[in-house]
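Chemist: sequence unknown, structure follows:
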């Protein structure tokens with residue numbers, strides 16, 4: 001089935017339903033049509049406002065956002081007993097910089113600041 005045909009059928013199905021069923025159908029169809037392994041991009045980071053946004057290319061690296069916290073890059077490190085390390089804030093550290101820090105941490109060359 002071509003993509004255009006699928007989109008046409010999806011729109012017809014959505015128009016045929018009403019109310020809460022329609023909303024849940026829209027969410028289900030969106031979930032089914034969204035690619036599962038899309039890498040994290042700069043536009044994803046800019047639009048992210050709350051929760052955790054994991055990077056599929058670097059396991060354990062994620063951008064965490066909260067209204068009071070802002071957006072921070074964190075690495076979950078299994079080496080250190082499942083420790084979570086904050087490596088920087090989003091606008092100051094880009095996605096490429098966070099991935100580079102993740103690679104350094106994986107190689108064991110990233111210095112972890114000690115809090116006193």
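Modeler: Sure thing, it's come through. All figures in this text were calculated on a predicted structure; none of them were measured in a lab.

Chemist: and for residue 83, the neighbour number?
Modeler: 11 (other CB atoms under 10 Å). C-beta here means a position set from N, CA and C on the backbone, and glycine is covered the same way.

Chemist: and the nearest residue to it once chain neighbours are set aside, how far is that from residue 87?
Modeler: Take residue 83 and drop its neighbours on the chain: the residue closest to it by CB to CB, 6 or more residues apart in numbering is residue 77, 5.0 Å away. Counting by CB to CB, to the nearest Å, the separation of residue 77 from residue 87 is 11 Å.

Chemist: what ranges in this protein fall below the confidence cut-off?
Modeler: 1-7, 9-10, 12, 14, 16-38, 80, 110-116 (pLDDT under 70).

Chemist: can you list the domains in it?
Modeler: Domain ranges of the chain: 3-33, 42-107, per automatic domain parsing.

Chemist: hey, which of those is tucked in deepest?
Modeler: The highest mean neighbour count among the domains of the chain, using mean count of other CB atoms under 10 Å, belongs to domain 42-107: a mean of 15.

Chemist: how far does that domain stretch from start to finish?
Modeler: 24 Å (CA to CA, to the nearest Å).

Chemist: do stretch 45-60 as well
Modeler: 16 Å.

Chemist: can you list contacts of that stretch?
Modeler: Residues from elsewhere that reach stretch 45-60, judged by CB atoms under 8 Å, 6 or more residues apart in numbering: 37-40, 44, 61-67, 71, 75-78, 90, 95, 98-99, 102-103.

Chemist: strands along the chain, start to end?
Modeler: Residue ranges of the strands in the chain, as given by DSSP state E, are 51-54, 61-66, 70-77, 83-89.

Chemist: which one, of these, ends up nearest to residue 8?
Modeler: Residue 8 sits nearest to strand 51-54 of all the strands of the chain, at 32.0 Å, using CB to CB.

Chemist: pull up the pairing partners for the closest one, direction included.
Modeler: Applying DSSP bridges to the sheet, strand 51-54 is found paired with strand 61-66 (antiparallel).
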